[in-house]
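1. Quick one, fold the following:
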Amino acid sequence: MVGTRLHKRITPDLDPGLNAAIAEWRNWLADEKRASPHTLAAYGRDLDHFLIFLSEHLGGPPGLADLAALRPADFRSYLARRAAAGGARTSTARALSTLRGFFRRLERLDLVHNPELEGVRTPKVPRSVPKPLSPAEARETLEGTGELGGEPWVAKRDAALLTLLYGCGLRIGEALALDRKQAPIGDAMVVTGKGNKQRMVPVLNVVREGIASYLAACPHHLGRDGPLFVGVRGKRLSAGVVQKRMRTLRALLGLPETATPHALRHSFATHLLANGGDLRTIQELLGHASLSTTQRYTAVDDAKLMEVYRRSHPRAMADRSADER
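-> Model (predicted):
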C-alpha cells in the first residue's frame, strides 16, 4: 500500500527493521497527518537522499542502530555534501526538517534515541518579502474594487480595507482584528500588532473617508465591541476572503501576481522611504521590533540610494561643488 502513495524507492537494500520503520512513518504521514501526495513524495525523496549518503558515508546500508549512533559531524557532512552539489538553502532546510520529523517519529516508536540532530543548526534561508507595487499600481488597486462585482457595500468595504493597508501600513491580521469602536475618527489610531504591542499610526483623510463610507453602506448592525470589517453574513471578515478578492482584482486589472494584501503594506513602507522617510520612523509605523527587519522590508534601488547619498553626504557635496568649479 505504501508503494502506491509515493515515488519509487531509490535507496539500496536496507536493514528490515529500518525498512519497516520507514513504511510506518510514511503511512503515519498519509493517514494521521493527512499529508498531500506532493508532500509525501518530497519527504520520501529527502529521506532517500539522506540514506544514500549514509550508505556511502558508513560504507554500507544503514540500520536502526547506525541511526542511533550518528553524531552531529555526520549530519553536518550530509549538509556539506548537499551544499557542494549546489543544493539550495531552502531545499536543504526542508530536508533537515524532514529528518527531524523522521527521527522524532522513531523516538516516539521507541526505535531510535538520538538527540544529536536537534542540535544541528538549520541553514539560514533568505527571508522573502512581497515586491512593492508602483504608486500607479497601488492607486489602480484601490480604485478598482468596484470592478469586482457583487453588492455595492462589499465594494466599499474592500476599498476601505485596502486603503487602510496601504495608507497606514497595517498587516492584514491587524486590520481584520479591529473592532467597530476602533474605527479611526481622528488623525491617528492605535493598532495592536505582534506580541500584543501597540503602536500609534497616522491616518489620512482618504482612509477615514473610505471607512466612513463603508460603515454607512454596511447593512449589518456593527456593535461597538463587534468587528469593524465583516463578510456578507455579518461575521468578522477572514484573511482568506480578502486574499481571494485580491486575486480576482489583480486578474481584472492585469496587475502582477505580487499584488497581494501584504504587498500594500510593503508598498506603504517602500514609497515612504523612496520619498525621504527615514528608517527609524518607518520602523515605528510598521511595528518592527528590529531595524534590520525594516531594512529588509524596504527596498530602494541603487540609483535612488546614490542620489540620496550625493545630495546629503557632506563629502559628496564638497566633491560636487569642486566639480562645478
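2. need the contact list for the nearest residue to residue 237 once chain neighbours are set aside.
-> Computed as C-beta to C-beta, 6 or more residues apart in numbering, the closest residue to residue 237 that is not its neighbour in sequence is residue 229, at 4.3 Å. (Glycine included, C-beta is placed from N, CA and C.) Going by C-beta atoms under 8 Å, 6 or more residues apart in numbering, residue 229 touches 157, 160-161, 175-176, 178, 236-237.
3. for the chain, which spans come out with low pLDDT?
-> Along the chain, the parts satisfying pLDDT under 70 run over 1-12, 125-130, 289-325.
4. What is the helix of greatest length in it packed up against?
-> The helix that spans the most residues within the chain, counting by DSSP state H, is helix 37-58. Judged by 3 or more C-beta pairs under 8 Å, 6 or more residues apart in numbering; DSSP states H and E, helix 37-58 is in contact with helix 16-31, helix 72-84, helix 89-108.
5. Quick one: the ones you listed as JSON lines, columns for distance to residue 218 and mean neighbour count too.
-> Conversion of those to JSON lines gives the following (distance: least, C-beta to C-beta, whole Å; neighbours: other C-beta atoms under 10 Å):
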{"stretch": "helix 16-31", "distance to residue 218": "45", "mean neighbour count": "16"}
{"stretch": "helix 72-84", "distance to residue 218": "54", "mean neighbour count": "15"}
{"stretch": "helix 89-108", "distance to residue 218": "43", "mean neighbour count": "17"}
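6. Tell me which of those helices lies nearest to residue 208.
-> Within the helices and strands packed on helix 37-58, the stretch nearest residue 208 is helix 89-108; the backing value is 41.9 Å (C-beta to C-beta).
7. I'd like the next helix or strand past the closest one.
-> Next in sequence after helix 89-108, counting helices and strands by DSSP states H and E, comes helix 135-143.
8. hmm, back to that, can you say which of the helices and strands packed on helix 37-58 is nearest to residue 261?
-> Minimum separation from residue 261 across those (C-beta to C-beta) falls at helix 89-108, 23.7 Å.
9. neighbouring contacts of that closest one?
-> Judged by C-beta under 8 Å, 6+ apart, the contacts made with helix 89-108 from elsewhere in the structure are 21, 24-25, 28, 42-43, 46-47, 49-50, 64, 67, 75, 79, 82-83, 87, 112-114, 117-118, 120, 122-126.
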